[in-house]
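> The amino acid sequence is not available; the structure is as follows:
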DNA sequence: GTTTTTAATTTTGAATTCATTATTCGGTCA
DNA sequence: TGACCGAATAATGAATTCAAAATTAAAAAC
């Protein structure tokens, strides 16, 4: 690690933004759930000031909804919102592919290949949680390799909304196998540094995920009727 | 106007976010300029609490940079940042075009045509300020017509960074004329509801703007040497 | 006269306080 | 019993306060 890198001491509100975002994305709160300032302050050991600053930032990211005089709630993930989010994210994925093919280093490719193989193993072992983590690692490594902080920032913001949706329904075995196959193609395009193909694959991969998610949600709500 | 629409009374920090963003985008502050909390509080007539909340939101949007214990500064618009921003925005513009062609109403097209004609007049009269406003109206109307709030939100955030760049250098007469021609094509594609073409035109229009801006900045910095 | 050190002032981050607005709970009346 | 009203309680929004850090000003040393 670079020892001469500037030291960044995060302020309380930054720390809280990160922690709360993680908690929301990782489903520690129910969507629509009220966020009680008091008890959160107690558990974090901070006063309301930095917590409220953090909530306002998260609201601007769309993870939290503020209603004047009625406090804050975790934003709900509606099907409409997903239908709006996926195409935007897919547009960014295409750009990610184009840039990454140009800029990615051999070391980054090697790392992604390693994570890819781990992911395939987790799939064979049907370890959904480990699979999910490896999958996540691969996608963020690719986004990172595009070397565009702005792109990464907006991608992350949108992806965090999508990520929450995975708690709405389980992925089917068929789709899971298909996703693995798509990932193999993505890795191949990456190794070929074929930007146009990589962009198309990444974008399609995401839209396929969306279609599968929609089917799964349909199924869930149908079953509930 | 819809009289039965829910009443939204913005909180102080929301109001401040909007006002400060406007001030930054419209160049009321120098890039890199220190933002003095005290005097801003005085001029807005609010306490530091809501102002600081607003600054944190603007920092998450990238318009403001917070340095721990050293307060906040207006973010600078570096050439590198612009080089990162334009391609992302162009990717979103392409999607805007595709969606807008499907979803735009005849009334919206009529409004854009009206603003387009005004913009052409302003160009003839060499009224840069009025031209800029009409141009801005057209672009936001198109984005709005794509009917995707997420897309609009991210587009707006990126566009506000780009918008600040116009104060870095004046546009050339050649580029101005070319922009008008591109706008005519955009309007035609809109009226034809040709999504693929509209997306490509919007994306190219933006990247041409970027190229022109880069040339202009080069010129400025060369002249300064 | 310039640089360094030290003290005063200002600015910042975060806790606390206060006024206002919701919510809850208990009682009244149909 | 259950809908309605009002007091008590809790929560929220925003101002104020306080401690720590940075900046400025002043004094001392070279």
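Cool, the structure landed. In this text, all values refer to a predicted model and were calculated from it rather than measured experimentally.
> Show me which residues of the longest helix along chain A are buried.
For chain A, the longest helix by residue count, based on DSSP state H, is helix A:195-224. Neighbour-count burial for helix A:195-224 flags A:195, A:197-206, A:209-210, A:212-214, A:216 (criterion: 16 or more other CB atoms under 10 Å in any protein chain shown). For every residue, glycine as well, the C-beta is placed using N, CA and C.
> and DNA strand D, which of those contact it?
When CB under 7 Å from any atom of the strand is taken as the criterion, no member of the buried residues of helix A:195-224 contacts DNA strand D.
> coming back round to it: now do the longest helix of chain A: distance to the chain's middle.
14 Å (CA atoms, centre = their mean, to the nearest Å).
> Am I right that residue A:29 is in a strand?
No. The assignment for residue A:29, made by DSSP: H, G, I helix; E, B strand; the rest coil, is coil rather than a strand.
> how about the nearest residue to it, chain neighbours excluded?
In space, and not counting its chain neighbours, residue A:29 is closest to residue A:74: 4.5 Å by CB to CB, 6 or more residues apart in numbering or on different chains.
> packing partners for the longest helix of chain A?
helix A:79-103, helix A:173-192 (3 or more CB pairs under 8 Å, 6 or more residues apart in numbering or on different chains; DSSP states H and E).
> For the first one, buried residues please.
Buried residues in helix A:79-103, counting neighbours by 16+ other CB under 10 Å, are found at A:81-82, A:84-101.
> So that helix, near chain B or not?
Yes. Helix A:79-103 is in contact with chain B by CB under 8 Å from any CB of the partner chain, via A:81, A:84, A:85, A:87, A:88, A:91, A:92, A:94, A:95, A:99.
> For chain A, what lies in contact range of DNA strand D?
A:34-38, A:48-49, A:52, A:66-72.
> Sitting in strands, which of the residues you listed do you find?
A:34, A:35, A:66, A:67, A:71, A:72 (DSSP state E).
> Not counting sequence-adjacent ones, nearest residue to the last one?
Once its chain neighbours are removed from consideration, residue A:72 has its nearest residue in residue A:35; the separation is 4.6 Å (CB to CB, 6+ apart).
> show me the contacts for that neighbour.
A:29, A:55, A:64, A:71, A:72, A:73, A:74 (CB atoms under 8 Å, 6 or more residues apart in numbering or on different chains).
> Surely the first one touches residue A:75?
Yep, that's residue A:29 we're talking about. No. Contact criterion CB atoms under 8 Å: residue A:29 and residue A:75 do not qualify, at 10.0 Å.
> residues of the helix or strand harbouring residue A:42 that come out buried?
According to DSSP states H and E, residue A:42 maps onto helix A:37-44. The neighbour-count check on helix A:37-44 (16+ other CB under 10 Å) flags A:40, A:41, A:44 as buried.
> pLDDT averaged over it, what's the number?
Averaging pLDDT along helix A:37-44 gives 93.
> Can you give the contact residues for that helix?
Contacts of helix A:37-44 (CB under 8 Å, 6+ apart): A:16, A:19, A:47, A:48, A:51, A:52, A:55, A:71, A:72.
> Pull the most distant pair out of those.
Spanning the widest gap among those are A:19 and A:71, at 18.6 Å by CB to CB.
> Alongside chain B, which residues does chain A contribute?
So chain A meets chain B at A:9-11, A:13, A:17, A:49, A:52-53, A:56-57, A:60-62, A:66, A:68, A:81, A:84-85, A:87-88, A:91-92, A:94-95, A:99, A:148-151, A:153-154, A:157-158 (CB under 8 Å from any CB).
> ok, which of those also contact DNA strand C?
A:11, A:13, A:49, A:68.
> tell me which element the second one is part of?
Okay, so that is residue A:13. With DSSP H and E as the test, residue A:13 turns up in helix A:12-25.
> Give the other helices and strands that that helix contacts.
helix A:48-61, helix A:149-164.
> Now distance to residue A:178 too, for those, in TSV please.
Output for the helices and strands packed on helix A:12-25, formatted as TSV (distance: least, CB to CB, whole Å):
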stretch	distance to residue A:178
helix A:48-61	31
helix A:149-164	18
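> Now render those helices as a markdown table, adding mean neighbour count and mean pLDDT.
A markdown table is the format used below for these (neighbours: other CB atoms under 10 Å in any protein chain shown; pLDDT from 0 to 100):
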| stretch | mean neighbour count | mean pLDDT |
| --- | --- | --- |
| helix A:48-61 | 21 | 97 |
| helix A:149-164 | 20 | 95 |
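> Could you point out which of the ones in strands among the residues of chain A next to DNA strand D is nearest to residue B:170?
residue A:66 (40.7 Å).
> residues contacting that closest one?
A:55, A:56, A:59, A:72, B:11.
> cool, residue A:32 as well?
Counting by CB under 8 Å, 6+ apart, the residues that residue A:32 touches are A:73, A:74, A:76.
> which element is it on?
Using DSSP H and E, no helix or strand contains residue A:32.
> Look up phi and psi at it.
phi 90, psi -10 (degrees, to the nearest 10).
> per-residue confidence at it?
91.
> And the residue of chain A closest to DNA strand D?
residue A:71 (3.1 Å; CB to the nearest atom of the strand).
> now, among the ones in strands among the residues of chain A next to DNA strand D, which is nearest to chain B?
Distance to chain B across these (CB to the nearest CB) is lowest for residue A:66, with 7.6 Å.
> Run through chain A and note the low-pLDDT ranges.
A:1-7, A:219-225 (pLDDT under 70).
> residues from it in reach of DNA strand C?
Counting by CB under 7 Å from any atom of the strand, chain A sits next to DNA strand C at A:11, A:12, A:13, A:46, A:47, A:48, A:49, A:50, A:68, A:69, A:70.
> Kindly write the ChimeraX command that selects the buried subset of those residues.
Remark: buried members of those, expressed as a ChimeraX selection using 16+ other CB under 10 Å:
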select /A:12,13,46,50
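> Would you mind giving the residues of chain A next to DNA strand C as CSV with distance to residue B:190 added?
CSV is the format used below for these (distance: CB to CB, whole Å):
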residue, distance to residue B:190
A:11, 46
A:12, 48
A:13, 43
A:46, 51
A:47, 52
A:48, 49
A:49, 48
A:50, 47
A:68, 38
A:69, 42
A:70, 41
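> Identify, from the contacts of residue A:66, the entry nearest to residue B:24.
Closest to residue B:24, out of all of the contacts of residue A:66 and judged by CB to CB, is residue A:56, at 17.5 Å.
> The closest one contacts residue B:13, doesn't it?
Yes. Counting by CB under 8 Å, residue A:56 touches residue B:13, with 6.1 Å between them.
> Now for those two: what residues contact both?
What both residue A:56 and residue B:13 touch, as defined by CB under 8 Å, 6+ apart, is the set B:53, B:57.
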